[in-house]
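Q: sequence? don't have it. structure:
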């Protein structure tokens, strides 16, 4: 009886195997990847040719091959307000369709941290794809004018800045406050290239950058002395960049003048943007299905030798990459700091005339 019941079942199974699989779509009916034939637009919050823009274009050139469907990617720039203009527009009008992204930098983080009136966005609300963090900034000083930095009776050295929000500004503000550096600020420059040009023209005497190409070029020309560096933040401490091992970190420069309490918390909060530097985001509300595809592609791209070569050649020889939730956590660590610490940095900005009192 059991054989009679099993036999028909065995015939059906055998027939099915002989005919081949009957489940799943045939190649002709398979759904094509979402991104096939589509174009992703990446909005950059800084000027064309700057570090943020350059990294956005490197990503646009390499990441498509890791996105199923290999979409086209275009990059356009919307500079202004230290990144606030692009972020305000993207936050209000960015379409959560998987086809619109924003390449951000540390400046919009600084603006949000200090609750500047221009801010109409919340970086926490974006969907975070990944970030590339370069090594810390160095402070460059006109070599011929260096002695004025330590002479309170001399004409102050002039610092060029965009909006007074760049992370390297912390070293100069805390340096003036605790080391008595003889400096004043002129804000309003469009970006690092504009500041460098102003330095070469003699309009300013000091500025900061993490760009090793700019630093090495100016050192080679004999124009600058390297005063101090923010360093690389690892395991809770700032250490010297491996490509500039002879330049002391700002903590080393402070020595026994290093402050404690809220004053030091304020410095750490300001310099915390070094953890993120350049980060790619999608609009708030972008569905997980698109975010997951883009995050996976970002991670694969970061291991691509061509990506590594281009970043080292065009952006920074020293860099680190974080992806997805790692980037989200880094941003939360930076933004979720005590209000008193943020207020301290803002008080220094007012005290030194960087922003209105």
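A: Alright, I've got the coordinates. In this text, all values refer to a predicted model and were calculated from it rather than measured experimentally.
Q: without its sequence neighbours, what residue ends up closest to residue 37?
A: Spatial nearest neighbour of residue 37, chain neighbours left out: residue 69 (7.2 Å); criterion: CB to CB, 6 or more residues apart in numbering. Using the backbone N, CA and C atoms, a C-beta is placed for each residue, glycine as well.
Q: to what extent is the one you found buried, counted in neighbours?
A: For residue 69, the count of nearby residues is 13 (other CB atoms under 10 Å).
Q: OK, contacts around it?
A: 32-38 (CB atoms under 8 Å, 6 or more residues apart in numbering).
Q: what does residue 238 give?
A: Residue 238 sits next to 136, 230-232, 249-251, 271 when contact means CB under 8 Å, 6+ apart.
Q: 10 Å - rerun?
A: Residue 238 makes contacts with 136, 229-232, 249-252, 268, 271, 274, as judged by CB atoms under 10 Å, 6 or more residues apart in numbering.
Q: now residue 245
A: Residues near residue 245 by CB under 10 Å, 6+ apart: residue 239.
Q: you'd agree it is in a strand?
A: No: Residue 245: not assigned to a strand; according to DSSP: H, G, I helix; E, B strand; the rest coil it is coil.
Q: where are the low-confidence patches of the stretch 101-250 of the chain?
A: 234-236 (pLDDT under 70).
Q: kindly recompute the last result at 80.
A: Scanning the stretch 101-250 of the chain for pLDDT under 80 picks out 114-116, 135, 163-165, 190, 233-237.
Q: nearest residue to residue 190 other than its sequence neighbours?
A: Sequence neighbours aside, residue 47 is the residue nearest to residue 190 in space, at 5.7 Å (criterion: CB to CB, 6+ apart).
Q: would you mind measuring from that neighbour to residue 220?
A: Applying CB to CB, to the nearest Å, the value for residue 47 to residue 220 is 25 Å.
Q: which one of those two has more residues nearby?
A: Neighbour totals were compared for residue 47 and residue 220, and residue 47 leads with 17 against 9 (other CB under 10 Å).
Q: what's the pLDDT at the more buried one?
A: Here the pLDDT value assigned to residue 47 is 88.
Q: that one is in what secondary structure piece?
A: Using DSSP states H and E, residue 47 falls within no helix or strand.
Q: ditto for residue 295
A: Applying DSSP H and E as the criterion places residue 295 in helix 288-302.
Q: likewise for residue 42?
A: strand 39-44.
Q: and the next helix or strand past that strand?
A: Proceeding N to C from strand 39-44, the next assigned helix or strand is helix 51-62, under DSSP H and E.
Q: packing partners for that following helix?
A: Applying 3 or more CB pairs under 10 Å, 6 or more residues apart in numbering; DSSP states H and E, we find helix 51-62 packed against strand 39-44, strand 72-77, strand 100-104, strand 127-134, strand 278-282, helix 288-302, helix 305-314.
Q: can you get me the start-to-end distance on stretch 37-48?
A: Taking CA to CA, to the nearest Å, stretch 37-48 runs 27 Å from one end to the other.
Q: could you do stretch 328-346 as well?
A: 25 Å.
Q: repeat that for stretch 310-322.
A: Across stretch 310-322, the terminal residues are separated by 18 Å (CA to CA).
Q: same check, this time on stretch 242-255
A: Taking CA to CA, the first and last residues of stretch 242-255 lie 21 Å apart.
Q: can you check stretch 208-227 too?
A: 10 Å.
Q: how far does that stretch sit from the chain's center?
A: Its chain's C-alpha centre and that of stretch 208-227 lie 21 Å apart, by CA atoms, centre = their mean, to the nearest Å.
Q: repeat that for stretch 35-54.
A: Counting by CA atoms, centre = their mean, stretch 35-54 comes out at 14 Å from the chain centroid.
Q: i'd like the first residue to be 715 from this point on
A: Yes, from this point I'll number from 715; that puts the last item at stretch 749-768.
Q: just want the angle from the helix holding residue 1009 to strand 753-758.
A: Helix 1002-1016 runs at 70 degrees relative to strand 753-758, counting by axes from the mean of the first three to the mean of the last three CA atoms, to 10 degrees.
Q: against residue 771, how distant is the most centrally placed residue in the chain?
A: Most central in the chain under CA atoms, centre = their mean is residue 992, positioned 1.7 Å from the mean C-alpha point. Residue 992 sits 12 Å away from residue 771, going by CB to CB.
Q: so where's the stretch 965-1071 of the chain shaky on pLDDT?
A: For the stretch 965-1071 of the chain (pLDDT under 80), the answer is 986-989, 1047, 1071.
Q: what about the helices in the stretch 815-964 of the chain?
A: Secondary structure of the stretch 815-964 of the chain (DSSP state H, counting those that start in this stretch): helices at 820-827, 883-893, 906-915, 926-934, 964-968.
Q: for those, could you give me CSV that also reports distance to residue 1029?
A: Below are the helices of the stretch 815-964 of the chain laid out as CSV (distance: least, CB to CB, whole Å):
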stretch, distance to residue 1029
helix 820-827, 14
helix 883-893, 21
helix 906-915, 12
helix 926-934, 9
helix 964-968, 23
